[in-house]
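# For reference, the sequence and a predicted model appear below.
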Amino acid sequence: MFLKFMKRVCHERKLNRLPNYDYAQCGWYFVTICTKDMVECFGKIENDKMVLNRCGVIAYKCWLEISRHFCDVSLDEFAIMPNHVHGIIVIEDVNVVVGNKNFCSRRTPYTIPWQTKLSRSLSSIVRGFKIGVTKGCHENNIIGFHWHKSFHDHIIHNENELNNIRSYIQNNPSKWFRDRNNHYDYINLDQGNKKCTDAW
């Protein structure tokens, strides 16, 4: 079920990145970034649609700004969900003719530490997004927002995978309430009380 999958993704503390894979090379990546303890900080689902609160709007804007901060990065399908963000990040090869999708191979030509801090690596892109959202919340006096450590990624290898992931992201809001366990208490980000209603 979806929540069990998300709990596994967001609560595991093991290394999420593939060893010896260069996450700065061009390619298409599907990422999932969760809030700490899966608290529903970004809003709620109503009538199968995501309704963003103030924190959710900040996350939405920061996601769209990624390509402004990373000139060789573009964005595909994404969704801000109550307690996580799904998105497809495309690291482009500036030396290749536009239109070539450059799906990643399962093999890498050389060895590089998974914790690479290269300026255009997937980790640096997600780190910048997280910092932007956290800073935006602080500047807007939203107290109590925290990210889960790290993030989950999937390397997209072909067009079929890409289309399946796009469909998954698009349909995520409509599937939210199929599992009753998805009902978490909303956090009052203004008061830091996890048993109160959300801050709007």
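Good, I have the coordinates.
# Quick one: name whatever helix or strand follows the helix or strand that I131 is a member of.
Using DSSP states H and E, I131 maps to helix 122-139. Counting by DSSP H and E, the next helix or strand C-terminal to helix 122-139 is strand 152-156.
# buried set for that next one?
By neighbour count with 16 or more other Cβ atoms under 10 Å, strand 152-156 contains the buried residues 152-153, 155-156. Backbone N, C-alpha and C define where each C-beta goes, glycine included.
# ok, these vs F70, which is closest?
Of all these, D153 has the smallest distance to F70: 15.8 Å, by Cβ to Cβ.
# Okay, the closest one and I125: tell me how far apart.
Distance, D153 to I125, using Cβ to Cβ, to the nearest Å: 11 Å.
# So H69 sits against G128, correct?
Yes - at 5.9 Å, H69 counts as touching G128 under the criterion of Cβ atoms under 8 Å.
# Which of the helices and strands in the protein ranks last by mean pLDDT?
Within the chain, no helix or strand scores below helix 2-11, which has a mean of 49 by mean pLDDT, DSSP states H and E.
# What residues does S74 make contact with?
Each residue near S74 by Cβ atoms under 8 Å, 6 or more residues apart in numbering is listed here: 67, 90, 92.
# next one: F129
Neighbours of F129 in contact, by Cβ under 8 Å, 6+ apart: 33, 62-63, 66.
# Could you count how many residues lie near K61?
12 (other Cβ atoms under 10 Å).
# Likewise for I80?
22.
# Likewise for N53?
Using other Cβ under 10 Å: N53 sits among 20 other residues.
# any idea how far it lies from I80?
10 Å.
# what are the ranges of the strands in the chain?
With strands called from DSSP state E, the chain shows them at 27-34, 43-46, 49-52, 73-80, 84-91, 152-156.
# Tell me which residues are up against the third one.
With contacts defined as Cβ under 8 Å, 6+ apart, strand 49-52 is touched by 42-45, 56, 59-60, 79-82, 173.
# Partner strands of it and their direction?
Partner strands and pairing direction for strand 49-52 (DSSP bridges) are strand 43-46 (antiparallel).
# got the CA positions of the strand it pairs with in CSV?
Provided in CSV are the C-alpha atoms of strand 43-46 (Å, rounded to 0.1, in the frame of the first residue of the first chain):
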residue,chain,number,x,y,z
GLY,A,43,-1.7,21.1,3.0
LYS,A,44,-4.4,18.6,2.5
ILE,A,45,-6.3,16.6,-0.1
GLU,A,46,-9.8,17.7,-0.9
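# which parts of it are buried?
Result for strand 43-46 [16+ other Cβ under 10 Å]: buried residues 43-45.
# cool, stretch 49-61 as well?
Quick answer for stretch 49-61 (16+ other Cβ under 10 Å): 50, 52-56, 58-60.
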